[in-house]
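Chemist: here's my sequence, what's the structure:
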Amino acid sequence: MLGNRSYDHDKYRRLVRELGVKPLIARRCTEHGSGLGTQRRLVERAFAHLHRFRSLRIRWEIRDDIHEAFLTLGCALICWRRLQSFRQEFSLPPPTGLP
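Modeler: Predicted coordinates for the structure are as follows:
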């Protein structure tokens, strides 16, 4: 789990470890440039891509399974679009065996 300096407290580190997750939280009063920002940028960008879909930006569904299905569909669409742009960028032929 990545966290910024505002979560630098033993209480939060302990809670995360109890869940079986290794915390990567920047320490307070230390110099910036730990490199955690480059990893967090990927996560922030993924959330930005998902928020393009209105049904994911504002959660209208009460049931968790429906919301999870929309999340899965959104991730699949993001991956598909990314692969399409990659294929166009490198002029790759379409895959064989697909309709």
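Chemist: can you give me the end-to-end span of stretch 26-43?
Modeler: For stretch 26-43, the first-to-last residue distance is 16 Å (Cα to Cα, to the nearest Å).
Chemist: tell me the domain boundaries of the chain?
Modeler: With automatic domain parsing as the criterion, the domains of the chain are listed as 1-43, 51-92.
Chemist: mean pLDDT and mean neighbour count added to these, as a markdown table?
Modeler: All C-beta atoms are positioned from the backbone trio N, CA, C, and that covers glycine. Output for the domains of the chain, formatted as a markdown table (pLDDT from 0 to 100; neighbours: other Cβ atoms under 10 Å):
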| stretch | mean pLDDT | mean neighbour count |
| --- | --- | --- |
| domain 1-43 | 75 | 12 |
| domain 51-92 | 86 | 11 |
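Chemist: quick check: longest helix of this protein.
Modeler: Counting residues, the longest helix found in the chain (DSSP state H) is helix 64-89.
Chemist: which strands and helices lie in contact with it?
Modeler: For helix 64-89, the elements it packs on are helix 36-50, helix 54-57, judged by 3 or more Cβ pairs under 8 Å, 6 or more residues apart in numbering; DSSP states H and E.
Chemist: and these: which comes nearest residue 78?
Modeler: Closest approach to residue 78 among the helices and strands packed on helix 64-89 (Cβ to Cβ): helix 36-50, 5.0 Å.
Chemist: now do the SS call for the closest residue to residue 8 other than its chain neighbours.
Modeler: The shortest distance from residue 8 to any residue that is not its chain neighbour, by Cβ to Cβ, 6 or more residues apart in numbering, is 4.7 Å, and that residue is residue 28. Here residue 28 takes the coil state, with states given by DSSP: H, G, I helix; E, B strand; the rest coil.
Chemist: thank you kindly, that will do.
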